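[1] I would like to see how this sequence folds:
(3 chains)
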Amino acid sequence: MAFVNLKKKEVQTKIVYYGPGRGGKTTNLEYIYNKFRSRIKTEMVTIKTHGDRTLFFDFLPFNVGKIRGYDVKIQLYTVPGQVKYDATRRLVLRGVDGIVFVADSMAVRREKNILSLRNLQKNLATFRKSIFKIPIVLQYNKKDLAEQGIPLLSLETLEKDLNSQLKAPSFEASALMGMNVVPTMKKIISMTMASLLMELK
Amino acid sequence: MTYMLGQEQLDAIEQVLLEDLFDVGVNCIFLIDMAGNVIANLDNGEIKHDIYSLAALAAGNFAAVSTMAKIVGEDEFSLLFHKGEKESIHFSKVLTDFLLITIFGKGISLGFLRLKVAEATEKIKKILEPSCAP
Amino acid sequence: MALQEDGTVDFGVEADPEDLFGHGNESLDSVEDTGDPKVTPLTELKSIVLSLDWEITDEIMSRFVKEIDKLKDTYRDDEILVSFLGLLDSVGKYIKTHKAKAHPNASKLLNSAYMSLEKVIVSKDITEPERNRILASQLKSFKRLMEQIALRKAASDGKKGLKPPDQARVAAQERKEDQAIQQKEERSPEEAKERQLEPHEGRVSPDESLRLAVDELKQLIQEEFKALREELRQLRESKETLI
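    Purely as a prediction, here's the structure:
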């Protein structure tokens, strides 16, 4: 839930990067952290396993500057994608204001993408939030793997599998290469802020 | 769901934190919501902790422990406290959506701190309730 | 040990199995109780003091006060221990009455007074002057606590005009000054042996210093109760005007 501090003229919102395990959620945040290092004064918080899998969450606070006279602080989180961490994903989703769903474009991950999206819908429902109403952007990650000859899902297939009902903005991306990572983030921030402004009216 | 807190409410909260907790020797106090947002914080001027990261972790930690409580058949645990060599951290739930976190040194006993936190929590509840009403 | 025809093993026990466990007619009650060597008269009080470290409730404070009363009876012939227990009783009752509004140093004093009491009771080779010195040190802390309580009441009015972040800094500064004064007062053990109770000048005999300490303690306890009665009276009066 977004918090508006009328005293400090500050808005804090929470954006969660969700998706199947090894899809590129943490890579998105790492790219953002490295790119905007000079603007982000704190370290990125990561709680992960020895195998570099996210265990609890990654966290990155990000000041986007002033919007309508208010300092906007975005808290970017990722969730652990592995199936066994469902309870943890639910905790991290608490108070979420906007979501980036990072889908894995690899053909072998098709099923996992769909299951993860359904899982997101179910977990949002526990907080009485609807996946159809919350600001959400889809990112079809790992487009760089095409060059290595790895079979990838086409944009049409991904849109049909994941976006036929949501009709959310989507980006083909490569978090590793930095392609469309920032546009994805900018889109979700603007959608979240717009939603927030609507709510405050 | 968005909530707003005005100057008066935030000033009142800061006053409670100052009088009930800071004055008895707590080094750093922050009030957060369960999403990890920082609502108010006070420190002794020497603390250089990253409050925003602490808030995110505290919210996650508290939520994780609450979930464990339900798994073992408890509504919630009455004490969440981490003891350090020099600094310790105590967590206290305020209403359903907020957490009061106190970081304190060896000069104050946990038992006494819990008394003070309980008192402060009651006062903060009254300040926050109008903002949380459905 | 021999293998029997039926395949079982005979371990060579010929006696009646009952005999292995004694004569069977003895009851547990007749067994001599050697007692746990670690259980002392202070065990219960120690466990209460340790639990106070975790949680302060009416129930625990009541147990504390009750246990002190019991120990006062146990040690009624030892004036120094009775003084210690009197000090603990006073601080305990203060915390019980004031709870969250108690001065934070009260629970610290309770702990340190208990530790000193334990030391005085448990140390086998402790001398009488040493016992007096330890008591005097605790009494001094007690006196200091009373002063801090009085100062705190006065200071809280002065700070009301400041904004919270400024108040936070003022409070932090006062805490630092407090700690500095406390550190100055904590001298080395050798120097501490030379110290006498204020405001008396020159050396006094151990008996005399004990008598003075007990008198001072009595006076302080009386003053504290007087302040409490006054507070209660004001509370009653304000309630009456509201009705």
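
[2] Going by C-alpha atoms from here, please, whenever you check contacts or count neighbours.
    OK.

[3] Which positions within stretch B:65-77 qualify as buried?
    B:Ser66, B:Thr67, B:Met68 (16 or more other Cα atoms under 10 Å in any protein chain shown).

[4] scratch that, stretch C:72-86 is what I was asking about
    So, applying 16+ other Cα under 10 Å, buried residues of stretch C:72-86: C:Lys72, C:Ile80, C:Leu81, C:Val82, C:Ser83, C:Phe84, C:Leu85, C:Gly86.

[5] pLDDT averaged over the helix or strand where C:Met146 lies - what is it?
    Assigned by DSSP states H and E, C:Met146 falls within helix C:128-158. Averaging pLDDT along helix C:128-158 gives 87.

[6] can you pull out the strands in chain C?
    Per DSSP state E, chain C carries strands over the ranges C:2-3, C:9-10.

[7] no, scratch that, I was asking about chain A
    A:2-5, A:10-18, A:45-48, A:54-67, A:70-78, A:98-104, A:136-141, A:170-172.

[8] so what's residue 107 up against?
    You didn't pick a chain, so chain A it is. A:Pro151, A:Leu152, A:Leu153 (Cα atoms under 8 Å, 6 or more residues apart in numbering or on different chains).

[9] look at chain C instead
    So C:Ser107 contacts B:Ser109, B:Phe112, C:Val91, C:Ile95 (Cα under 8 Å, 6+ apart).

[10] Quick check: the last one touching C:Pro104?
    No - at 9.5 Å, C:Ile95 and C:Pro104 do not qualify as touching, with contact defined as Cα atoms under 8 Å.

[11] rewinding a little: between the strands of chain A, which one is closest to chain C.
    Among these, the nearest to chain C by Cα to the nearest Cα is strand A:2-5 (17.0 Å).

[12] Residues contacting that closest one, please?
    A:10-14, A:95-97, A:196, B:1-6, B:37, B:39.

[13] Just the buried subset of these, written out for ChimeraX, thanks.
    In ChimeraX, the members of those classed as buried (16+ other Cα under 10 Å) are selected with the following command:
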select /A:10,11,12,13,14,95,96,97,196 /B:2,4,5,37,39
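
[14] Could you report the separation of the residue nearest the centre of chain A from A:Val182?
    Centroid-nearest residue in chain A, with Cα atoms, centre = their mean: A:Tyr17, separated by 2.2 Å. The gap separating A:Tyr17 from A:Val182 is 13 Å, by Cα to Cα, to the nearest Å.

[15] Then C:Asp69?
    Taking Cα to Cα, one finds C:Asp69 at 71 Å from A:Val182.

[16] hang on, the earlier thing: tabulate the strands of chain A (CSV), appending mean pLDDT and distance to C:Leu139.
    Below are these laid out as CSV (pLDDT from 0 to 100; distance: least, Cα to Cα, whole Å):
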stretch, mean pLDDT, distance to C:Leu139
strand A:2-5, 90, 49
strand A:10-18, 94, 52
strand A:45-48, 82, 50
strand A:54-67, 86, 52
strand A:70-78, 92, 53
strand A:98-104, 98, 61
strand A:136-141, 98, 67
strand A:170-172, 97, 74
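
[17] can you give me the helices in the chain?
    With no chain named, the answer covers chain A. For chain A, the helices defined by DSSP state H occupy A:25-35, A:86-93, A:110-125, A:155-163, A:181-200.

[18] um, chain B though
    Using DSSP H, helices in chain B cover B:7-16, B:51-71, B:110-132.

[19] Which strands and helices lie in contact with the shortest one?
    Going back to what we said before, that points to helix B:7-16. strand B:38-43, helix B:110-132, helix C:164-185 (3 or more Cα pairs under 8 Å, 6 or more residues apart in numbering or on different chains; DSSP states H and E).

[20] does the first one come close to chain C?
    Translated: strand B:38-43. Yes - judged by Cα under 8 Å from any Cα of the partner chain, strand B:38-43 and chain C are in contact via B:Leu42, B:Asp43.

[21] Tell me who's in contact with the residue of chain B found nearest chain C.
    Nearest to chain C, among the residues of chain B, is B:Gly111, at 3.9 Å (Cα to the nearest Cα). By Cα under 8 Å, 6+ apart, B:Gly111 lies in contact with C:Leu52, C:Asp53, C:Trp54, C:Glu55, C:Ile56.

[22] Any residue of the worst-scoring helix or strand of chain A on mean pLDDT touching chain B?
    Within chain A, no helix or strand scores below strand A:45-48, which has a mean of 82 by mean pLDDT, DSSP states H and E. Yes - Strand A:45-48 lies within reach of chain B by Cα under 8 Å from any Cα, at A:Val45.

[23] Could you spell out the sheet neighbours of that strand, each with its direction?
    strand A:54-67 (antiparallel) (DSSP bridges).

[24] Just the CA coordinates for the strand it pairs with, please, in PDB.
    Output of strand A:54-67 as PDB, limited to C-alpha atoms (Å, rounded to 0.1, in the frame of the first residue of the first chain):
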ATOM      1  CA  THR A  54      16.600 -15.600  -4.300                       C
ATOM      2  CA  LEU A  55      15.600 -17.000  -0.900                       C
ATOM      3  CA  PHE A  56      13.500 -14.200   0.600                       C
ATOM      4  CA  PHE A  57      13.600 -11.100  -1.600                       C
ATOM      5  CA  ASP A  58      15.800  -8.500  -3.200                       C
ATOM      6  CA  PHE A  59      15.100  -4.900  -2.300                       C
ATOM      7  CA  LEU A  60      16.100  -1.600  -4.000                       C
ATOM      8  CA  PRO A  61      14.800   1.800  -2.900                       C
ATOM      9  CA  PHE A  62      14.800   4.200  -5.700                       C
ATOM     10  CA  ASN A  63      14.100   8.000  -5.700                       C
ATOM     11  CA  VAL A  64      12.500   9.000  -8.900                       C
ATOM     12  CA  GLY A  65      12.400  12.700  -8.000                       C
ATOM     13  CA  LYS A  66       9.400  15.100  -7.600                       C
ATOM     14  CA  ILE A  67       6.000  14.500  -9.100                       C
END
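
[25] who touches it?
    A:26, A:29, A:33, A:39-40, A:42-49, A:71-81, A:85, A:88-89, A:92, B:52-53, B:56.

[26] now the helices of chain A as JSON lines including distance to B:Ala118 and mean pLDDT?
    Listed next are the helices of chain A as JSON lines, based on distance: least, Cα to Cα, whole Å; pLDDT from 0 to 100:
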{"stretch": "helix A:25-35", "distance to B:Ala118": "38", "mean pLDDT": "94"}
{"stretch": "helix A:86-93", "distance to B:Ala118": "25", "mean pLDDT": "89"}
{"stretch": "helix A:110-125", "distance to B:Ala118": "32", "mean pLDDT": "96"}
{"stretch": "helix A:155-163", "distance to B:Ala118": "48", "mean pLDDT": "97"}
{"stretch": "helix A:181-200", "distance to B:Ala118": "33", "mean pLDDT": "91"}
